[in-house]
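Visitor: When you get a sec, could you give me coordinates for this:
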Amino acid sequence: MKLLHILTIVAALSSTAFSQTPEPGASPAINAKFRDPDLKVDEWAGKFETESREVFAQRRQIVSAMKMAPGMAVADVGAGTGLFTVPMAVGVGKEGKVFAVDISPKFIEHLQVRAKTAGLENIKTVLCTESSTELPAASIDMAFICDTYHHFEHPADTLKSLHAALKPGGRLLLVDFKRIAGQSSDFIMGHVRAGQEVFEAEITAAGFKKTGEESFLKENYFTIFVKVEK
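Guide: Just a heads-up that it's a prediction; the model follows:
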């Protein structure tokens, strides 16, 4: 009886430990600075919008590769300071809409001011959470995630919300850092939790199919997915 009792306790503890094991994702610490109410937006704009950053230097080609059309509804997930939000708003025209999604309240405030200053009334800001984009169901034709996926704390949940937000046949575009041992910088190896194959597998498991890949970036990869019904 004592042995049976011990085995029962061990099994219960093992079950509890398993149920509390977090899904693979970034540590909350990676986004803590963006939630800081004292965040200095200008400092981050200087880091995000500089020629030394590949996605900034190649921003026009990236926007061209999005293949946007007037009237589309698109989401800039992890919009930051608005590097791609503004050209996306221009790309979809006055009849289209851009949801600028970010986890930082200070970035959201900045995006609102930037949209107003640029006279772009088709930009709608959305404050997301660590597990959801907070986008309405079937509201977008395309989702763009640039150097942000590796910040997802709960990728499965966030992808589930994106899958629901996309209309049937909607596209998901992913740009993120190449993480290759022996090739990538120490910063990338420590900052980005996994490489392209892992991220693509997670996206595929969430109900997406890879349909293409752009090859003009060197430090980043650019892959294209389409929503499929689970």
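Visitor: So which bits of the top strand by length along the chain are buried?
Guide: Ranked by residue count, the top strand of the chain under DSSP state E comes out as strand 166-177. Using 16 or more other CB atoms under 10 Å as the test for burial, strand 166-177 gives 166, 170, 171, 172, 173, 174, 175, 176, 177. Where C-beta positions appear, they are placed from N, C-alpha and C, glycine not excepted.
Visitor: What of stretch 124-144?
Guide: So stretch 124-144, judged by 16+ other CB under 10 Å, has buried residues 124-126, 128, 130-133, 135, 139-144.
Visitor: likewise stretch 211-226?
Guide: Neighbour-count burial for stretch 211-226 [16+ other CB under 10 Å]: 214, 217, 220, 221, 222, 223, 224, 225, 226.
Visitor: Give the bridge partners for the fourth one, please.
Guide: Spelled out, it's residue 221. With DSSP bridges as the criterion, residue 221 is bridged to residue 176.
Visitor: list the contacts for it?
Guide: 174, 175, 176, 178, 196, 213 (CB atoms under 8 Å, 6 or more residues apart in numbering).
Visitor: Switch the buried residues of strand 166-177 over to a markdown table; also include pLDDT and distance to residue 154.
Guide: A markdown table is the format used below for those (pLDDT from 0 to 100; distance: CB to CB, whole Å):
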| residue | pLDDT | distance to residue 154 |
| --- | --- | --- |
| 166 | 98 | 18 |
| 170 | 98 | 21 |
| 171 | 98 | 22 |
| 172 | 98 | 17 |
| 173 | 98 | 21 |
| 174 | 98 | 17 |
| 175 | 98 | 20 |
| 176 | 98 | 17 |
| 177 | 97 | 20 |
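Visitor: Just name the closest of these to residue 57, please.
Guide: Comparing these against residue 57 with CB to CB picks out residue 175 as the nearest, at 12.9 Å.
Visitor: Could you measure from the closest one over to residue 40?
Guide: 25 Å (CB to CB, to the nearest Å).
Visitor: Helix, strand or coil: sort out residue 225 for me.
Guide: strand (DSSP: H, G, I helix; E, B strand; the rest coil).
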